[in-house]
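Participant: based on what follows, work out the 3D shape:
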Amino acid sequence: MGILIAAIITTVIAITVIGMMIRQLSHSAPRWLLVLAFLSALPAQPVAFYFIRLPLHELLMQWFGASALLTVISLFYAPMIEEPAKWFSLVLPSLRKKLVPQNAVAVALSVGLGFGIGELWFIAERLSRAPQLAELPFYYFNGFLAERLMVCFLHGAFIALLFKRYAEGKAVWPAALFGIALHFLLNFPIYLSSINLFGLGQQVWGLLLVIYVALFTLAMFGFVNWLAKDEMQEGFLGSATCPECHEVYPRSFFALNLLTKRYERCPHCRHWHLVPMQQPPRDKNGAA
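Facilitator: Residues are numbered from 1 along each chain as shown. Now for the predicted structure:
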């Protein structure tokens, strides 16, 4: 039952790591609100799979058969079904009432974490039925752990803009389409790998997928950091003072780490500088 042990370890790590991130972004939101957001999405993935995705696939199979058209349509299953499943959390009156721009990103990440944990256990349960996997020890599933950990964050990142705009009373449909598009972009290279595009082979495609997902996740970290910059003055990585314009800014994920220093870009003067890794923030006049 190695896959189930791996699922337990992944769940603990995801709740701990992403939970710390959520707490940092929560802007003193009541803890019950974050727990409610998490629980509201916990069963959403298996419910959407069994009650929407499977019946839809069976219907389309009757119409189109196992055709190339159905293969193309199936590429949109996950983004078009899973994203709206996460929006369902906004139906809860108690969640909507307490949702404000200051905690919207934290609530979205809580929903995404719940959705991701539910999906994690859904996949683990299905994998546990495979005879060739049943006897493998848990440390054989390190790829499963890394992938699911990133996905638990990405599910929340995909809906962060929508929740933020909803809390601000703005139109949400552009943010909804944006989240669907991001989800599609995450999954599309998997399809390219399945058809062995350019004849690269499964080993090469496997490596490319690992690199792609890692870079995609890093970009989404940066996006969430930017989206929550008003609520989190220091960002995930703390703040720094520009040695040129002396403005304080939240550190970006897009920088070159050089042990004791970072080569990073100041968003105010838009110049790149070497800035100490540990630096007491200073105001624009240079005072500590």
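
Participant: for the rest of this, base every contact and every neighbour count on C-alpha atoms.
Facilitator: Fine.

Participant: three-state assignment of residue 245?
Facilitator: For residue 245, the assignment made with DSSP: H, G, I helix; E, B strand; the rest coil gives coil.

Participant: excluding sequence neighbours, find me the nearest residue to it.
Facilitator: Nearest residue to residue 245, sequence neighbours excluded (C-alpha to C-alpha, 6 or more residues apart in numbering): residue 269, at 6.5 Å.

Participant: need the three-state assignment for that neighbour.
Facilitator: At residue 269, secondary structure determined by three-state DSSP is coil.

Participant: quick one, phi/psi of it?
Facilitator: phi -90, psi -10 (degrees, to the nearest 10).

Participant: would you check that it makes contact with residue 246?
Facilitator: No - in this structure, residue 269 is not within contact of residue 246 by C-alpha atoms under 8 Å, at 9.4 Å.

Participant: so which of these two has more stuff around it?
Facilitator: Neighbour tally, residue 269 and residue 246, criterion other C-alpha atoms under 10 Å: the higher count belongs to residue 246, 19 against 12.

Participant: report pLDDT for that one.
Facilitator: pLDDT for residue 246: 87.

Participant: next, it: phi, psi?
Facilitator: Dihedral angles (degrees, to the nearest 10) for residue 246: phi 70, psi 20.

Participant: in the stretch 151-288 of the chain, what spans have low per-residue confidence?
Facilitator: Low-confidence segments of the stretch 151-288 of the chain (pLDDT under 70): 230-238, 253, 259, 278-288.

Participant: quick check: buried residues in the strand or helix carrying residue 124?
Facilitator: Secondary structure assigned from DSSP states H and E places residue 124 in helix 104-127. Neighbour counts using 16 or more other C-alpha atoms under 10 Å place 104-124 of helix 104-127 among the buried residues.

Participant: quick one: mean pLDDT for it?
Facilitator: Across helix 104-127, the average pLDDT comes to 95.

Participant: got the contact list for the helix or strand just after that helix?
Facilitator: The helix or strand immediately downstream of helix 104-127 is helix 131-134, counting by DSSP H and E. Residues outside helix 131-134 that contact it (C-alpha atoms under 8 Å, 6 or more residues apart in numbering): 1, 2, 3, 127, 128.

Participant: what does stretch 4-11 give?
Facilitator: 117, 120-121, 124-125, 128, 138-139, 141-142, 144-145, 148-149.

Participant: just the residues you listed now: which is nearest residue 181?
Facilitator: residue 148 (19.8 Å; C-alpha to C-alpha).

Participant: tell me how the chain divides into domains.
Facilitator: What automatic domain parsing lists as the domains of the chain is 2-227, 233-288.

Participant: in contact with residue 188, which residues?
Facilitator: By C-alpha under 8 Å, 6+ apart, the neighbours of residue 188 are residue 75.

Participant: rerun that using 6 Å as the cut-off
Facilitator: Residue 188 makes contact with no residue, according to C-alpha atoms under 6 Å, 6 or more residues apart in numbering.

Participant: can you point out the helix or strand that includes it?
Facilitator: helix 173-194.

Participant: now residue 228: phi and psi?
Facilitator: The phi/psi pair for residue 228 (degrees, to the nearest 10) is phi -100, psi 20.

Participant: I meant residue 95, not that one.
Facilitator: Residue torsions, per degrees, to the nearest 10, at residue 95 are phi -70, psi -40.

Participant: that one: how many residues sit nearby?
Facilitator: By other C-alpha under 10 Å, the residues close to residue 95 number 18.

Participant: try residue 31
Facilitator: Residue 31 - counted by other C-alpha under 10 Å - has 11 other residues nearby.
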